[in-house]
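*Asks:* Below: sequence and its predicted model.
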Amino acid sequence: MLSDAGRTAAVEQDLVDSQNMPYAAFDRMPFEAVQIGAASIRIVFGPGSFTLPRQRIVDYVRQSAQTVALYFGKFPAPLARLLVLNTSSAGRPIRSGTAFGYQGAAIKLTLADDVTEADLDRDWILVHEMSHLALPSLPRRHHWFEEGMASYVEPLARAQAGLLSVQRVWGEMVKGMPQGLPQPGEQGLNRTRTWGRTYWGGALFCLLADIETRQATDGMRGLQQALRAILAHGNIERESPIEPLLEIGDRATATRVLASLYDRMKDSPYPVDLDALWDRLGVRVTSGGIAFDDAAPLALFRTAMTRRL
Ligand SMILES: [Zn+2]
């Protein structure tokens, strides 16, 4: 029989060893609770300690959760488990994150043991993982929409929360979106196997959907309303094909934008002239960084995307 101390050590080892979310071990550990509206996040810390006080990491979790709640209108899971692991090996301070939905909404996050306040303030990974909770789990061929949605929402949510400058938002988009364009010989998004098309191709789908929705509704609605309606239907704990979700999103904006864009991009390469798109949005790359042209035809949509709903 294990002593209490021995049992805790064994459970801690289970937390670290599991490739997936170790739900059983997690639920036997003491946790810190963070409340976001009606939603509750349970944080369990794995073995080892951080240079920063634990409370600072709890505060960072709360801020990330509030950011995501601001974008989606609520935190996307009534109860979420967050496992924070710790590593002393060399690498990025926010090492990795993974979201799970199979046995309840959960995130596994690995931080360097010497992670600093500045690292936490700059981090995008936790907001990205928490955004994943807002979408039902899709079949593998639709993985691009899961990654694209989280990649597209994360900077906009942080900008809406006042945590990221609009210059950074558009600077990253201008830099990243070309990686989402179809390469020679590539087919539609449902057939992609590449990282660029999965993350940035999916994000480009979301950007185009956001702009087309705003065009179709005279700027009254955008992708944000569609994603809130999809979340109201179910979060990561639910499994769904993509088509009914796009329909729910379209119904919320009284358009056919998502279904139509999906038809155009799912099987065919669908090249996009990004330079022309940045021009219409009024996003200019200058020697000093990003500058904006508020007289551009889509400038009002661009500013609405980073404004709180
Ligand atoms: Zn992701």
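*Replies:* Noted; the coordinates are in hand.

*Asks:* mind checking which helix or strand of the protein has the lowest mean pLDDT?
*Replies:* Counting by mean pLDDT, DSSP states H and E, the chain has its least confident helix or strand at helix 4-17, which shows a mean of 77.

*Asks:* And for that helix, what's in contact with it?
*Replies:* Contacts with helix 4-17, where a contact means Cβ atoms under 8 Å, 6 or more residues apart in numbering, come from L2, P22, A24, A25, F26, R28, M29, V44, G46, P47, L83, L85. All C-beta atoms are positioned from the backbone trio N, CA, C, and that covers glycine.

*Asks:* Summarise which helices and strands the helix or strand following it is packed against.
*Replies:* Beyond helix 4-17 in the direction of the C-terminus, DSSP states H and E gives the next helix or strand as helix 23-26. Using 3 or more Cβ pairs under 8 Å, 6 or more residues apart in numbering; DSSP states H and E, the elements in contact with helix 23-26 are helix 4-17, strand 79-87.

*Asks:* which stretches of the stretch 201-309 of the chain have low pLDDT?
*Replies:* In the predicted model, the stretch 201-309 of the chain carries no residue with pLDDT under 70.

*Asks:* before we move on, the earlier item: can you tell me which of the contacts of helix 4-17 lies closest to the ion?
*Replies:* The shortest distance between the ion and any of those, using Cβ to the ion, involves L83 and amounts to 16.3 Å.

*Asks:* hang on, isn't the closest one packed against K108?
*Replies:* Yes: when contacts are counted by Cβ atoms under 8 Å, L83 is listed as touching K108 (4.8 Å).

*Asks:* before we move on, the earlier item: most tightly surrounded among the helices and strands packed on helix 23-26?
*Replies:* The highest mean neighbour count among the helices and strands packed on helix 23-26 belongs to strand 79-87 (a mean of 22), with neighbours defined as mean count of other Cβ atoms under 10 Å.

*Asks:* So is the helix or strand following it next to the ion?
*Replies:* The C-terminal neighbour of strand 79-87 among helices and strands, as given by DSSP H and E, is strand 94-100. No: in terms of Cβ under 5 Å from the ion, no part of strand 94-100 sits within range of the ion; the closest distance is 6.8 Å.

*Asks:* Would you mark the buried spots in strand 94-100?
*Replies:* By neighbour count on 16 or more other Cβ atoms under 10 Å, the buried set for strand 94-100 is I94, R95, G97, T98, A99, F100.

*Asks:* again with stretch 128-148
*Replies:* Going by 16+ other Cβ under 10 Å, stretch 128-148 has these buried residues: 128-138, 142-148.

*Asks:* try stretch 174-192
*Replies:* For stretch 174-192, burial by neighbour count (16+ other Cβ under 10 Å) applies to V174, G176, M177, Q179, G180, L181, P182, E186, G188, L189, N190, T192.

*Asks:* mind checking how far the second one is from A203?
*Replies:* Remark: distance between G176 and A203 (Cβ to Cβ, to the nearest Å) = 7 Å.

*Asks:* quick check, nearest of the buried residues of strand 94-100 to the ion?
*Replies:* Nearest to the ion, judged by Cβ to the ion, of the buried residues of strand 94-100 is A99 at 6.8 Å.

*Asks:* which ones are touching G176?
*Replies:* If you count contacts by Cβ under 8 Å, 6+ apart, G176 has them with W200, A203.

*Asks:* one more time with 7 Å, if that's ok
*Replies:* For G176, the contacting residues are W200, by Cβ atoms under 7 Å, 6 or more residues apart in numbering.

*Asks:* A299 too?
*Replies:* Taking Cβ under 7 Å, 6+ apart as the contact definition, A299 lies against L281, G282, D293.

*Asks:* Among the buried residues of stretch 128-148, which are located in helices?
*Replies:* With DSSP state H as the criterion, helices contain H128, E129, M130, S131, H132, H143, W144, F145, E146, E147, G148 from among the buried residues of stretch 128-148.

*Asks:* Between all of those residues, which two are separated the most?
*Replies:* M130 and W144 (19.4 Å; Cβ to Cβ).

*Asks:* Go ahead and measure how far stretch 200-217 is from the middle of the chain.
*Replies:* Computed by Cα atoms, centre = their mean, to the nearest Å, the separation of stretch 200-217 from the middle of its chain amounts to 16 Å.

*Asks:* contact partners of the one helix or strand R56 maps to?
*Replies:* For R56, the host element (DSSP H and E) is helix 54-72. Outside helix 54-72, the residues within contact range by Cβ under 7 Å, 6+ apart are 32, 34, 36-37, 41, 43, 45, 50, 75-76, 82, 84, 117, 120, 126-127, 130-131, 134, 153, 156-158, 160-161, 163, 224, 227-228, 231, 308.

*Asks:* now that helix: how far from the chain's centre is it?
*Replies:* Here helix 54-72 is found 13 Å from its chain centre; the criterion is Cα atoms, centre = their mean.
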